[in-house]
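K.L.:
I would like to see how this sequence folds:
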Amino acid sequence: MDHHFGVLIPSTNTTVEIEYSHLLPSSLQFHVGRLLTSGTGPFSPSKDDDIDYQARLLGTAKVEVISLAQTSASLFADDYDANVIRRMSAAAGVPAITSAQAVGQAVRALGAKRIALISPYSQPVIERAKHYYESRFALSVVALEGFAATDSYMIGKLGPENARDAFARIDRPEIECFVVPGGNFPTMSFVPAWEREFNKPVITTNAAALWAMMAIMGARDPLPDLGRLLKEMPPP
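P.N.:
Model prediction:
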């Protein structure tokens, strides 16, 4: 059975479409809407009007679920997730989720609680991520490292070695899971190798969002080549 899902991405994102088009089986069909920034900063939420309009257009494509692949947007206001999910779902007529939510749910689904955050974000943004995951998902962030990217274009140009080297620097026994937020950070295909090397699950934005949408759609076939989360498909 084929499943169709929608993804809203910032207009500057150059990674989500590549990762999903290259790595997913033909039974998982994705459809993308692009969003302009609200203009208040490089990692700020997208324009509300764009989110409503693009979600409505994706609804006409008969998608089964929509995700917002903009993890940083959820970090700026405590009520952002609830508000944007309500708007996306109302516009498209289907369930919706944010990628920030999906990451937290994925960590909990794997039974982890003590995490390390490794992100391309600047230090202020990754500190917001720490607050988000500790306050929303009762996770304990025991280590964090950012790559000081000042905009999405810089994130898209970062190589996977940035994450791998950060894992090696901060790894210690109390870390149960590495979390790599950033939908424009090309990492998804490298997760299995990282998990083998460090013997810990690795959760990335695009993998977590995919896992959450698959659960909502009832797409239960595992994706064994994309890391533990998508191989085991634990229920949310």
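K.L.:
tell me which residues in the top helix by length along the chain are buried?
P.N.:
The longest helix of the chain (DSSP state H) is helix 123-137. Neighbour-count burial for helix 123-137 flags 125-130, 132-133, 137 (criterion: 16 or more other C-beta atoms under 10 Å). Every C-beta, even on glycine, is put in place using the N, C-alpha and C of the backbone.
K.L.:
Just list the residues touching Ser27, thanks.
P.N.:
Shown in contact with Ser27 (C-beta atoms under 8 Å, 6 or more residues apart in numbering): 1-3, 219, 221.
K.L.:
Now it: phi and psi?
P.N.:
With angles defined as degrees, to the nearest 10, Ser27 sits at phi -70, psi -10.
K.L.:
swap in the one 5 residues further on?
P.N.:
Note on Val32: its backbone torsions stand at phi -120, psi 140 [degrees, to the nearest 10].
K.L.:
How about His3?
P.N.:
Torsion angles, degrees, to the nearest 10, at His3: phi -120, psi 140.
K.L.:
And for the one 3 residues further on?
P.N.:
Here the main-chain torsion angles of Gly6 (degrees, to the nearest 10) amount to phi -110, psi 150.
K.L.:
before we move on, what about Ser89?
P.N.:
phi -70, psi -40.
K.L.:
That one is in contact with Thr98, isn't it?
P.N.:
No. Assessed by C-beta atoms under 8 Å, Ser89 is found out of contact with Thr98, at 11.5 Å.
K.L.:
These two: which has the busier surroundings?
P.N.:
Thr98 (25 against 17; other C-beta atoms under 10 Å).
K.L.:
With adjacent residues omitted, what lies nearest to the residue nearest the centre of the chain?
P.N.:
The centroid of the chain falls nearest to Thr205 when counting by C-alpha atoms, centre = their mean (2.1 Å). Of all residues not flanking Thr205 in the chain, Gly183 sits nearest, at 4.4 Å (C-beta to C-beta, 6 or more residues apart in numbering).
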